[in-house]
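> Sharing a model that was predicted from the sequence below.
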Amino acid sequence: MSERVIPLVDQRLKIRPAVVPSTPVAATGLLGDALGRPLRDLRISVTDRCNFRCNYCMPKSIFDKDYPYLPHNALLSFEEITRIARVFVAHGVQKIRLTGGEPLLRKNIEILIAQLAELCTVDGKPLDITLTTNGSLLERKARQLKEAGLKRVTVSLDGLDDAVFRAMNDVDFPVADVLRGIDAAHEAGLGPVKINMVVKRGTNDHEILPMARHFKGHGAVLRFIEYMDVGATNGWRMDEVLPSAEVVDRIHQALPLVQLDPSAPGETAERWGYADGSGEIGVISSVTQAFCRDCNRARLSTEGRLYLCLFATEGHDLKHLVRGGASDAELASAIAAIWQGRDDRYSELRASLPPDQGQGARRIEMSYIGG
């Protein structure tokens with residue numbers, strides 16, 4: 001039996017300073033990276049903590065009671081997050097997604113949502129403000145989130161079988177509580193609710209059809225995500241990846257599907273509708289069908305570090321500028337310089353990379369910067 005070697009490397013220590021360039025870069029709403037990709041989507045992690053211990057994200061063997069989470073004073077305040085977000089919006093961001101960890105663990109997150117909801121895009125439209133959650137606290141918070149200005153929620157749910165779900169979250173949390181949270185979000189108007197299922201071959205792939213049947217006609221959009229090689233602690237192996245094409249085929253054999261057009265430029269999910277018109281599913285194929293060429297997303301960690309890719313190995317420190325007295329114009333110039341130098345396309349290059357033997361730079365953990 002082969003052993004998995006999971007290196008213990010704290011990627012939060014790998015950081016580059018964000019530098020204000022000598023030549024100012026004005027925010028015009030038309031910022032492009034080195035490959036011509038625009039900046040349109042900002043994902044903000046508001047906490048590095050989570051109350052689940054899913055083995056593909058925050059395995060209990062690593063994230064135990066002694067794990068050194070970030071102290072509160074290291075986190076960006078709501079005012080700091082809003083200020084940074086305002087600068088990103090000036091550069092062209094149209095959508096903000098709040099993530100974690102589990103973002104609903106951040107105390108008074110409704111206040112942050114209300115502050116972000118006051119921002120407008122460069123053409124004067126409201127921002128699309130969304131949030132990704134494991135659903136454990138959603139039932140009690142859905143109404144407050146909507147009233148604060150949240151538009152939609154995405155809920156992570158890896159199966160309907162209670163035993164499978166409890167095993168995957170590894171804290172014995174019941175699936176029924178998440179389902180009630182999904183219903184509460186729908187009733188509060190946080191829709192269409194999206195349901196994200198990470199599919200891991202041999203672990204929960206038998207739940208694909210039950211999930212499809214359950215949410216068909218429900219009004220929610222179920223999305224199947226290929227198990228990805230994020231971070232360094234989930235013990236990822238290619239033979240545990242179930243290609244999205246096989247997911248679609250399994251569903252199509254039982255519930256006929258027709259392919260749909262993308263909903264927006266840079267959309268990560270390939271859309272499929274039920275042939276009888278009773279809803280749709282999506283598949284996110286970062287491993288087998290890379291979508292780097294359309295990626296328009298930046299990620300801001302809970303302590304103010306800017307990451308340019310989900311598979312990044314280091315971040316750029318914006319917090320020292322925010323707390324060091326930099327003006328909004330200087331902050332905008334620094335962000336522009338970072339984005340203009342962006343040429344990340346890890347998923348496209350994955351197949352040509354040598355096998356990871358535990359050497360070299362380690363990718364940042366997904367639990368630290370969100371999905």
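That came through fine.

> CA only for contacts and neighbour counts going forward, please
Noted.

> so where's the protein uncertain?
Along the chain, the parts satisfying pLDDT under 70 run over 1-14, 229-236, 265-266, 346, 350-368, 371.

> Now do the strands in it.
15-17, 41-45, 95-99, 128-133, 152-156, 194-199, 221-226, 257-259, 270-274, 280-284, 297-300, 305-307, 315-317 (DSSP state E).

> In a markdown table, list those along with mean neighbour count and distance to residue 182.
As requested, the strands of the chain are exported to a markdown table (neighbours: other CA atoms under 10 Å; distance: least, CA to CA, whole Å):
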| stretch | mean neighbour count | distance to residue 182 |
| --- | --- | --- |
| strand 15-17 | 14 | 37 |
| strand 41-45 | 25 | 21 |
| strand 95-99 | 24 | 17 |
| strand 128-133 | 22 | 10 |
| strand 152-156 | 24 | 7 |
| strand 194-199 | 24 | 9 |
| strand 221-226 | 25 | 11 |
| strand 257-259 | 16 | 24 |
| strand 270-274 | 20 | 21 |
| strand 280-284 | 23 | 16 |
| strand 297-300 | 23 | 25 |
| strand 305-307 | 25 | 30 |
| strand 315-317 | 22 | 33 |
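
> now those strands as TSV including distance to residue 59?
Formatted as TSV, those follow (distance: least, CA to CA, whole Å):
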stretch	distance to residue 59
strand 15-17	24
strand 41-45	19
strand 95-99	18
strand 128-133	17
strand 152-156	16
strand 194-199	15
strand 221-226	18
strand 257-259	35
strand 270-274	29
strand 280-284	22
strand 297-300	22
strand 305-307	22
strand 315-317	23
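
> among these, which is nearest residue 331?
strand 315-317 (11.1 Å; CA to CA).

> residue boundaries of the helices in the stretch 151-300 of the chain?
162-169, 175-188, 208-215, 244-254 (DSSP state H, counting those that start in this stretch).

> Which stretch among the ones you listed approaches residue 342 most closely?
The nearest among those, by CA to CA, is helix 244-254 at 27.8 Å.

> Buried residues of the closest one, list them for me.
244, 247, 248, 251, 252 (16 or more other CA atoms under 10 Å).

> mind listing what the residue nearest to residue 340 when sequence neighbours are not counted touches?
Excluding the flanking residues, the one nearest residue 340 by CA to CA, 6 or more residues apart in numbering is residue 33, at 4.1 Å. Contacts for residue 33 (CA atoms under 8 Å, 6 or more residues apart in numbering) come out as 39, 339, 340, 341, 342, 343.

> Show me just the buried residues among the residues you listed.
39, 339, 340, 342, 343.

> Go through the residues you listed and say which is closest to residue 23.
Closest to residue 23, out of all of the buried ones among the contacts of residue 33 and judged by CA to CA, is residue 340, at 13.5 Å.

> wait, doesn't that closest one sit right on residue 34?
Yes. Contact criterion CA atoms under 8 Å: residue 340 and residue 34 qualify, at 5.4 Å.

> distance of residue 332 from residue 15?
Applying CA to CA, to the nearest Å, the value for residue 332 to residue 15 is 19 Å.

> what's the answer for residue 264, then?
If you go by CA to CA, the gap between residue 264 and residue 15 works out to 32 Å.

> Residue 163 too?
From residue 163 to residue 15 the distance is 40 Å (CA to CA).

> next one: residue 151
Taking CA to CA, one finds residue 151 at 33 Å from residue 15.

> what about residue 71, how many neighbours?
By other CA atoms under 10 Å, 8 other residues sit near residue 71.

> Can you report phi and psi for it?
For residue 71, the backbone dihedrals (degrees, to the nearest 10) come out as phi -70, psi 160.

> That one and residue 291: what is the separation?
35 Å.

> likewise residue 30?
Taking CA to CA, one finds residue 30 at 21 Å from residue 291.

> Look at those two and report which has more neighbours.
A count of neighbours by other CA under 10 Å puts residue 291 above the other of residue 30 and residue 291, at 19 against 14.

> How much space separates that one from residue 268?
7 Å.

> Can I get stretch 20-32 as CSV, trimmed to CA atoms?
Taking Å, rounded to 0.1, in the frame of the first residue of the first chain, the C-alpha atoms of stretch 20-32 are listed here in CSV:
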residue,chain,number,x,y,z
VAL,A,20,3.7,51.5,-5.6
PRO,A,21,5.2,52.0,-9.1
SER,A,22,7.1,55.2,-9.9
THR,A,23,4.7,55.9,-12.7
PRO,A,24,1.1,56.1,-11.4
VAL,A,25,-1.5,53.9,-13.1
ALA,A,26,-5.0,55.4,-13.1
ALA,A,27,-8.0,53.2,-12.5
THR,A,28,-10.0,53.4,-15.7
GLY,A,29,-12.1,50.2,-15.4
LEU,A,30,-10.1,48.6,-18.2
LEU,A,31,-7.3,46.8,-16.5
GLY,A,32,-5.8,43.8,-18.3
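
> Pull the distance from that stretch to the chain's centre.
26 Å (CA atoms, centre = their mean, to the nearest Å).

> Stretch 212-222 now?
21 Å.

> What lies in contact with that stretch?
Contacts of stretch 212-222 (CA under 8 Å, 6+ apart): 191-197, 211, 251, 278-282.
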